[in-house]
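In: just coords:
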């Protein structure tokens, strides 16, 4: 089996009918099945989906279908899309949902031809494809953006993310054209054809299903529009600078205008600038994770204090049976919260470790180039 070029990134939960529809639709409309791999992200408690995906893999042995599972999370961008792109082997990652189908035939050929034509003179391999669907723009957004974009792995590796991780889900997709389509970066491709059709599970229409409702609640819970505005003000320009630096490095390397000594010096300076930009961005991520950890641990500590206070009061009860029953329940609750806090802390530490290891690779590069 050849290495795929397109990695379709698709979270799912308890929707086997959608999984079957999506897989059958892909098989019936794709130009070359070897062009693609389909990656599902499942919740660890969703055994039904994992079992069903295995059945589909056996049914379509030439179709590269894989699934990965993790603890359930409200953070769709960070904990599903970005996490799953780390497993992807394709040159380009395509954000998908299990409630989508491809509306035209040979969509892989259309997208890959557009990418190849666009990137033929661009050694940086940075690309964002504005894939059109029948999903309408949200109110107030009057420019083209894609809710289901294709982004090159080179761009993802340069920035350290596929979808903006500071946002749970909504409000991040319409920021990406500002990142890739501005005059400095200029790496956005528009495909005018409607390639994807959005069929909600519960209404069989573009909008209005239970998932849309749940994502709306999460958006309101975290105030995603406010987070998006803050990201636009604080992090958009640093990310643009990171891409511009990457593009400049590749362009300079390709031009071969200067002597080898001058080229080595220029490349060293540009790679150092790239590492410095990456270091700043990744340290910001680590600090953000540590702040989230501190907030959660504070809440858990507060809950434990209350439960232990309740336990003290329970032990003052004179009735032996009542005291024993209530003491046992209170102690079990305390143990549950303590274990939950430990597991949550470990998850945060594991996420911090990932980014700290990325920083260590930059230190290794610093030593390599002096």
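Out: Alright, I've got the coordinates. Note that the structure is a prediction, hence the values are computed from the model and not measured.
In: where in the protein is pLDDT low?
Out: Residues of the chain meeting the criterion pLDDT under 70: 1, 137-141, 143, 200-213, 254-263, 318, 368-370.
In: Give me the nearest residue to residue 153, chain neighbours excluded.
Out: Closest residue to residue 153 apart from its sequence neighbours, by CB to CB, 6 or more residues apart in numbering: residue 91 at 5.7 Å. C-beta: built from backbone N, CA, C; applies to glycine.
In: meant to ask about residue 181, not that
Out: residue 188 (3.6 Å).
In: who's that neighbour bridged to?
Out: residue 128 (DSSP bridges).
In: quick one, what contacts it?
Out: 128, 129, 130, 177, 180, 181 (CB atoms under 8 Å, 6 or more residues apart in numbering).
In: what are the ranges of the strands in the stretch 1-150 of the chain?
Out: 6-11, 36-43, 64-70, 92-95, 100-102, 128-133, 150-152 (DSSP state E, counting those that start in this stretch).
In: pretty sure residue 241 contacts residue 278?
Out: No: Residue 241 is beyond contact range of residue 278, at 10.9 Å (criterion: CB atoms under 8 Å).
In: and those two? which has more neighbours close in?
Out: residue 278 (22 against 17; other CB atoms under 10 Å).
In: Double-check the more buried one against residue 242; I have them as touching.
Out: Yes: the criterion here is CB under 8 Å, and residue 278 meets it with residue 242 at 6.8 Å.
In: which residues are common contacts for the two?
Out: residue 158.
In: neighbours around the residue nearest to residue 178 when sequence neighbours are not counted, how many?
Out: Beyond its immediate neighbours in the sequence, the residue positioned closest to residue 178 (CB to CB, 6+ apart) is residue 236, lying 6.2 Å away. As a burial measure, residue 236 scores 15 neighbours (other CB under 10 Å).
In: ok, now residue 119?
Out: By other CB under 10 Å, neighbour count at residue 119 equals 19.
In: Spatially central residue for the chain, please.
Out: residue 82 (2.4 Å; CA atoms, centre = their mean).
In: Now the residue nearest to that one when sequence neighbours are not counted: which helix or strand?
Out: Of all residues not flanking residue 82 in the chain, residue 162 sits nearest, at 5.0 Å (CB to CB, 6+ apart). Assigned by DSSP states H and E, residue 162 belongs to neither a helix nor a strand.
In: got a list of what residue 162 touches?
Out: 9, 77, 81, 82, 85, 93, 95, 151, 156 are the contacts of residue 162 under CB under 8 Å, 6+ apart.
In: Buried residues, stretch 219-239. List them.
Out: 219, 222, 224, 227, 228, 231, 235, 239 (16 or more other CB atoms under 10 Å).
In: Closest one to residue 58 out of those residues, please.
Out: Of all the buried residues of stretch 219-239, residue 219 has the smallest distance to residue 58: 37.9 Å, by CB to CB.
In: A helix includes the closest one, no?
Out: Yes: counting by DSSP: H, G, I helix; E, B strand; the rest coil, residue 219 falls inside a helix.
In: so it touches residue 171, yeah?
Out: Yes: judged on CB under 8 Å, residue 219 makes contact with residue 171 at a distance of 6.9 Å.
In: ranges for the helices of this protein?
Out: If DSSP state H is used as the criterion, the helices of the chain fall at 16-29, 47-59, 76, 83-85, 107-119, 153-159, 176-180, 210-222, 224-234, 236-255, 260-314, 320-369.
In: ok so, going back, reformat the buried residues of stretch 219-239 as a markdown table; add distance to residue 336.
Out: Formatted as a markdown table, the buried residues of stretch 219-239 follow (distance: CB to CB, whole Å):
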| residue | distance to residue 336 |
| --- | --- |
| 219 | 30 |
| 222 | 26 |
| 224 | 31 |
| 227 | 31 |
| 228 | 35 |
| 231 | 35 |
| 235 | 37 |
| 239 | 41 |
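In: Give the single residue among the residues you listed positioned nearest to residue 328.
Out: Proximity of those to residue 328 (CB to CB) peaks at residue 222, which lies at 37.0 Å.
In: and residue 325, how far is that from residue 319?
Out: In this view, residue 325 and residue 319 are 10 Å apart by CB to CB, to the nearest Å.
In: What are the structural domain limits within this structure?
Out: Domain segmentation of the chain under automatic domain parsing yields 6-236, 256-369.
In: How about the contacts made by residue 304?
Out: Contacts of residue 304 (CB under 8 Å, 6+ apart): 334, 337, 338, 341.
In: now swap in residue 26 and tell me
Out: For residue 26, the contacting residues are 8, 33, 36, 38, 63, 102, by CB under 8 Å, 6+ apart.
In: got a markdown table for those residues, with neighbour count and distance to residue 134 too?
Out: A markdown table is the format used below for the contacts of residue 26 (neighbours: other CB atoms under 10 Å; distance: CB to CB, whole Å):
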| residue | neighbour count | distance to residue 134 |
| --- | --- | --- |
| 8 | 26 | 18 |
| 33 | 17 | 25 |
| 36 | 23 | 21 |
| 38 | 26 | 21 |
| 63 | 18 | 25 |
| 102 | 18 | 12 |
